[in-house]
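Asker: no letters, just coordinates:
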């Protein structure tokens, strides 16, 4: 099944009106796969019940932030790795850098080689209006 995209125009930041826009593909038409849908799909592919899968996924979603907060990077073979990254304000003196300079915390996900390979097999189709 193809993934649909549309065309969007973008101008370089800060110079709107001075340079012609460029056109880029942007994904469109995506829908949400929620916990119920994912647990039903996994149950259909395994010997576990939907309730068992939902319980595991609920526990998993609670455990990941706990492990990250305890200083772990979480690697799940076949799926990928979760890790934390921060952004912050710069200081002129390294001795002045403190936790107060951290302005943003992000969780990153790096997919496994198997998932990356599967993503190279995707097909795309331009969304037709109408």
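Answerer: All right, it came through fine. Not measured: the values here are computed from a predicted model.

Asker: show the model's pLDDT score for the residue nearest the centre of the chain.
Answerer: Closest residue to the average C-alpha location of the chain: residue 109 at 6.3 Å, with CA atoms, centre = their mean. Residue 109 is assigned 97 on the pLDDT scale.

Asker: for the protein, what's the longest helix?
Answerer: In the chain, with assignment by DSSP state H, the single longest helix is helix 50-69.

Asker: residue 53: neighbouring residues, count only.
Answerer: 21 (other CB atoms under 10 Å). C-beta here means a position set from N, CA and C on the backbone, and glycine is covered the same way.

Asker: my guess is it contacts residue 37. True?
Answerer: No: at 11.0 Å, residue 53 does not count as touching residue 37 under the criterion of CB atoms under 8 Å.

Asker: where do the strands of this protein begin and end?
Answerer: Here the chain has its strands, by DSSP state E, at 3-10, 22-27, 74-76, 80-88, 102-111, 124-126.

Asker: now those in CSV, with distance to residue 57?
Answerer: Shown next, in CSV, are those (distance: least, CB to CB, whole Å):
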stretch, distance to residue 57
strand 3-10, 24
strand 22-27, 24
strand 74-76, 13
strand 80-88, 15
strand 102-111, 15
strand 124-126, 29
